[in-house]
Structure formats: C-alpha cells, structure tokens
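heads up, no residue letters with this:
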C-alpha cells in the first residue's frame, strides 16, 4: 500500500505526517536537522511512499536526502498552497497533514526546481544586484554629507568629482565618515568587477543551447550583459513557459483584473515573481525607447493614452515577450523600420 508523506520543513525542525489513499493519518513524527540519518531510516521503514514539501529557501539538502527513498518527491508552490497560510488552525502538524492529503488527492500545485547550474547562475546574478545596491546606498550617504555643506554635485563620483570632494572643508567627523565611505565604495567597486569576471567565466562554460540563447538575446537593442544574464538566471529555462502570457504572469508584469456582477475592473501589474528581473526590464525598456525609433514611437503612442509610467511598463512587458520569442524561434532580432506616413492621394 502506497503512503503519502507531507513534510513541514523549518530551519531547525522537520515535521512529518503520513496518510494513506483514504487520507487517514497513519503516523507522524518530529525530527531536528541534526537527526537526518534517523529521519532517513524512519522514512525507509515506511516502504513505498511519495513525498511533498513546500519550496522553501533551504529545501535542496532535504530533497537530495529523500530522493533515493521516495517514489516521487514533489515541491509544492507556497503561494498556491494558500489553504495552509489562511488556516485558522495553523500549526506545523496541520501543515504537514494538509500537504500529505493534497498529495494523496494528486492536487499539489507544483513549484519549479532549478538545476544546479541554474541555481549557481542565480546566486551570481543576485550577488551582483546586492553589490550594486550597496554601492548606491554608500553614494547616497556621501551625497547626504555633501548636501549638508551645499556641496552636492551631479558628477560627484567621477574622477574630477572625487577630487573636488576630497578638497571640501568638512568638519573632522564628517571628513572621517566620507573617508570611510569612500574606502567602502572602492571595496564594492572591486567586488563588482570580481562578480562580473565570475559571470563571464560562468558564461564561457555554458552548454551549446545556453550559449545560443545568449547570442540570440544579444541581437536585441538595449539587451546588454546585465539584462541578458538576469533574464536567463531568473527565468531559469525559457522552455518552462508554454506561452508569453504565462511568462509575463510569472515575472509579475501581467495586469491584474477583478470581475464581479459582470463588471470588470483592470488593476495594475501583479508585482509577483522576481523584482530583480522587473527592475532590469524597466531599465532596458528606457534604453530601448531612446535607441530605437520603432520602439520610441510605440512608447509615445502608449504614453499619450496611459501616461509614461504605464507606457514604459508595457514596453518592458513587450521586451520580455520578445526575448522569449527570439529564443524560441532561434532567429536573431531584426528591427523593422518605422512605417512611412501615408501620402494623400492627388485630387
């Protein structure tokens, strides 16, 4: 008789519940992370079983532990398993049981499990985002000190600007702070160069299909290394998505809707998915409308009707769909010239 195991995985403890096909609880147990060998032996004694756990931040080690023992190991999508989050009787034991029962009913909403290479790529990209954010934070703090002396300048972090900053007459404490912040800024600049070198080395080891994706994405105007690497890392395999609509929904660029009593109300974008990818696409969209006449004309038409903010979001969404289409077609992007205005017919 096959059993169905639900696991509620936490940082320090693991709660396990086992049910049969009729969703009757057969047994349950609690383990600490230090008892992984004991847990594996306990699971092995169950015989034939399928197992499910939510895709939390640190599930990979656990999946590797139980994969040789289970018939199937499923990752449940946390957001789609809202019945657990919204339960008024929420506890670790209840969560594990609900997961096991949904598995017995074959109703688990699956979550994507990236490959080891995809996980490594994502870590590098997110490290780069962190380093850039730290640089921006440090620059803002330096600007704040300069502003207190009415000395902030747009070009403050160019070579001339830094020379000007070092020559400012500041109070001793402010001078000490600026020196420390400049030292910290140099550290993160060096770190950014190191991350970029690591990303370039990572790209050189890409399999043929992934290398082909990079070459195709490079054909799109305004899609540089940062946009390309962020797209590939955060999407983690364009083949995952059966349509452009599913991809835009995953990234959080799809507009929401509410319908009641036959009336539909359009909402803003859902903001689900990767905020890193959404931000990068918006930055690339601005570059695209500056560099490309057809895209600029499209943006201007949208901006007249919806405003610039919604227009650039629409351009970011179209750019995302274009990136997926280019990879799927296997053909590089070719920009079409803007259509010539119609000439009036002679009278």
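Good, I have the coordinates. Here the structure is a predicted model, which means the values were calculated and not measured.

low-scoring stretches of the stretch 151-300 of the chain, by residue?
Along the stretch 151-300 of the chain, segments meeting pLDDT under 70 span 256-268.

So which residues of it form helices?
Per DSSP state H, counting those that start in this stretch, the stretch 151-300 of the chain carries helices over the ranges 159-166, 172-204, 208-217, 225-235, 244-251, 275-291, 293-306.

Could you list the buried residues of the fourth one?
Across helix 225-235, burial judged by 16 or more other C-beta atoms under 10 Å covers 226, 227, 228, 229, 230, 231, 232, 233, 234, 235. Where you see a C-beta, it was placed from the backbone N, CA and C, and this is true even at glycine.

same for that helix, what does it pack against?
When contacts are defined as 3 or more C-beta pairs under 8 Å, 6 or more residues apart in numbering; DSSP states H and E, helix 225-235 packs onto helix 116-147, helix 172-204, helix 208-217, helix 244-251, helix 275-291.

Among those, which comes closest to residue 98?
Closest of the helices and strands packed on helix 225-235 to residue 98 is helix 244-251, at 24.7 Å (criterion: C-beta to C-beta).

Next, the angle from the closest one to helix 225-235.
Angle of helix 244-251 versus helix 225-235, following axes from the mean of the first three to the mean of the last three C-alpha atoms, to 10 degrees, is 90 degrees.

How about helix 244-251, which residues are buried there?
244, 247, 248, 249, 250, 251.

hang on, the earlier thing: quick one, which of the helices and strands packed on helix 225-235 gets closest to residue 300.
Ranking the helices and strands packed on helix 225-235 by proximity to residue 300 (C-beta to C-beta) places helix 275-291 first, at 8.2 Å.

which other helices and strands contact the closest one?
Here helix 275-291 touches helix 116-147, helix 225-235, helix 244-251, helix 293-306, helix 308-329, going by 3+ C-beta pairs under 8 Å, 6+ apart.

at 6 Å what do you get?
Under the contact definition 3 or more C-beta pairs under 6 Å, 6 or more residues apart in numbering; DSSP states H and E, helix 275-291 sits against helix 225-235, helix 293-306, helix 308-329.

between the first one and helix 172-204, how big is the angle?
Here helix 225-235 runs at an angle of 70 degrees relative to helix 172-204 (the same axes, to 10 degrees).

what's next to helix 225-235, contact-wise?
121, 122, 125, 199, 217, 274, 277, 280, 284, 323 (C-beta atoms under 6 Å, 6 or more residues apart in numbering).

rerun that using 8 Å as the cut-off
118, 121-122, 124-126, 128-129, 196, 199, 203, 210, 213-214, 217-218, 223, 241, 247, 250-251, 274, 276-277, 280-281, 283-284, 320, 323 (C-beta atoms under 8 Å, 6 or more residues apart in numbering).

Got a ChimeraX select line for the buried ones in those?
The buried subset of these, as determined by 16+ other C-beta under 10 Å, is captured in ChimeraX by this line:
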select :118,121,122,124,125,128,129,196,199,203,213,214,217,223,241,247,250,251,274,276,277,280,281,283,284,320,323
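
Pull up the distance across stretch 107-122, start to finish.
End-to-end distance for stretch 107-122: 29 Å, by C-alpha to C-alpha, to the nearest Å.

how does this protein divide up, domain by domain?
The chain breaks down by automatic domain parsing into domains covering 3-104, 116-205, 211-329.

To residue 336, which of the ones you listed lies closest?
For residue 336, the closest of those is domain 211-329, at 6.2 Å, according to C-beta to C-beta.

For that closest one, what is the spacing between the initial and final residues?
Termini of domain 211-329 sit 15 Å apart (C-alpha to C-alpha).

circling back: among the buried residues of helix 244-251, which one lies nearest to residue 37?
residue 250 (37.5 Å).

Would you quantify the distance from the closest one to residue 183?
With distances taken as C-beta to C-beta, to the nearest Å, residue 250 is found 41 Å from residue 183.

Provide a list of residues in contact with the residue nearest the centre of the chain.
By C-alpha atoms, centre = their mean, the chain has its centre lying nearest to residue 274, at 2.8 Å. By C-beta under 8 Å, 6+ apart, the residues touching residue 274 are 234, 251, 252.

Pull the number of nearby residues for the last one.
Counted by other C-beta atoms under 10 Å, the residues lying close to residue 252 total 16.

Next one: it from residue 320, what distance?
From residue 252 across to residue 320, the span is 10 Å (C-beta to C-beta).

Of all the residues in stretch 161-169, which ones are buried?
For stretch 161-169, by 16+ other C-beta under 10 Å, it's residue 165.

List of residues touching it?
By C-beta under 8 Å, 6+ apart, stretch 161-169 touches 142, 146, 149, 151, 153, 155, 156, 178, 182.

Same question for stretch 312-330.
So stretch 312-330 is contacted by 212-213, 216-217, 219-220, 222-223, 231, 238, 241, 244, 247-248, 251, 253-254, 269, 278, 281-282, 284-286, 288-289, 295, 298-299, 302, 306, 332-333 (C-beta under 8 Å, 6+ apart).

Give the buried residues for it.
Neighbour-count burial for stretch 312-330 flags 312-324, 326-327 (criterion: 16+ other C-beta under 10 Å).

so residue 7 sits right up against residue 62, yeah?
Yes. Shown here, residue 7 and residue 62 form a contact pair, counting by C-beta atoms under 8 Å, at 7.4 Å.
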